[in-house]
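**Student:** Predicted model, plus sequence, below.
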Amino acid sequence: MCLIAWNWQPASASPLLLLANRDEFYHRAAHPLHWWEGGKLLAGQDLQAGGTWLGVSRSGRLAALTNYRRPTPPRADAPSRGELVANFLKSETKAAPFLQALASRADAYNPFNLLVFDGVQLMGLESRHAKVLDMPPGVGAVSNADFQTPWPKVTRLTKGLRACLDQHTSGADHLLALLQDRTPAPDALLPHTGIALPLERALSATFIATPHYGTRASSLVQLHQTHAEFTEHRYDFSGLIGRNQHTFPL
């Protein structure tokens, strides 16, 4: 998962709305959104390492992950970051103690940002700093840097999300359309993450489409007081290849 934005409104009828794009190599196999064995965890699944990038539980917990971009290759001996999402969703531990325990061993993994919701609190962990964050109400976002780092696509997506909310055009079609923007950022606004300029430019779009790597899934999750809605659109190098939508009571 490489781009996540949310609107967090605790104590409202719809506490959490989340938008996300998962970017990955096209050859890396994955199962589409589905209920995992046991029927308590709803998520896609990476078939290489077995974890997931975004999911919800039958009880209304949510977790989502982004990698931290750096020029050095990831450590091949590190455990899968995708297991962290599944572990939280399978757990009954509250967000704060779960993240605090994880922070103490976060350096075992390649760098990541983890966003979790336990039904009451929305919190995050920046693994590089072992820093646990309590997310304030309102619109927030994270890509492949620290939470709220104003990369162009983060700024563009949060601006679009706020506009949809202000104009009361927050239906699924309007929201998912925000994730389809293929416009690269101007070179002057690009982050400097140590990768080559042409790649930095290609990765600056909300929706990424290169010959071998791109946006594989666009997701919308809406957690209401009474029920949850999860929509996933899936892509490969040729374009849209499937859609899935699940609604279930909480």
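**Tutor:** The structure has been received and is ready for your questions.

**Student:** Okay, now the unreliable bits of this structure?
**Tutor:** Scanning the chain for pLDDT under 70 picks out 1.

**Student:** Which parts of it are strands?
**Tutor:** 3-8, 16-25, 30-35, 41-46, 54-57, 62-67, 112-117, 122-126, 131-134, 138-142, 213-223, 227-236, 239-249 (DSSP state E).

**Student:** Turn those strands into CSV, columns for mean neighbour count and distance to Arg105.
**Tutor:** Where you see a C-beta, it was placed from the backbone N, CA and C, and this is true even at glycine. Below are the strands of the chain laid out as CSV (neighbours: other C-beta atoms under 10 Å; distance: least, C-beta to C-beta, whole Å):
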stretch, mean neighbour count, distance to Arg105
strand 3-8, 24, 23
strand 16-25, 23, 25
strand 30-35, 16, 26
strand 41-46, 23, 21
strand 54-57, 26, 21
strand 62-67, 26, 16
strand 112-117, 26, 12
strand 122-126, 22, 11
strand 131-134, 16, 13
strand 138-142, 21, 21
strand 213-223, 22, 27
strand 227-236, 19, 29
strand 239-249, 12, 32
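
**Student:** Which one, of these, ends up nearest to Ser170?
**Tutor:** The closest of those to Ser170 is strand 16-25. By C-beta to C-beta, the value is 7.3 Å.

**Student:** For the closest one, name the packing helices and strands.
**Tutor:** Helices and strands touching strand 16-25, by 3 or more C-beta pairs under 8 Å, 6 or more residues apart in numbering; DSSP states H and E, are strand 3-8, strand 54-57, strand 62-67, helix 172-178, strand 213-223.

**Student:** Relative to it, what are the paired strands and their orientations?
**Tutor:** strand 3-8 (antiparallel), strand 213-223 (antiparallel) (DSSP bridges).

**Student:** Can you find which helix in the chain contains the most residues?
**Tutor:** helix 152-166 (DSSP state H).

**Student:** Would you mind writing the CA trace of it as CSV?
**Tutor:** Coordinates of each C-alpha in helix 152-166 appear next as CSV, following Å, rounded to 0.1, in the frame of the first residue of the first chain:
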residue,chain,number,x,y,z
PRO,A,152,2.2,16.2,-3.9
LYS,A,153,0.0,13.2,-4.2
VAL,A,154,-0.8,13.3,-0.5
THR,A,155,-1.7,17.0,-0.8
ARG,A,156,-3.8,16.4,-3.9
LEU,A,157,-5.7,13.4,-2.5
THR,A,158,-6.5,15.1,0.9
LYS,A,159,-7.6,18.3,-1.0
GLY,A,160,-9.9,16.2,-3.2
LEU,A,161,-11.3,14.3,-0.2
ARG,A,162,-12.0,17.5,1.7
ALA,A,163,-13.8,18.9,-1.4
CYS,A,164,-16.0,15.8,-1.6
LEU,A,165,-16.9,16.0,2.0
ASP,A,166,-17.6,19.8,1.9
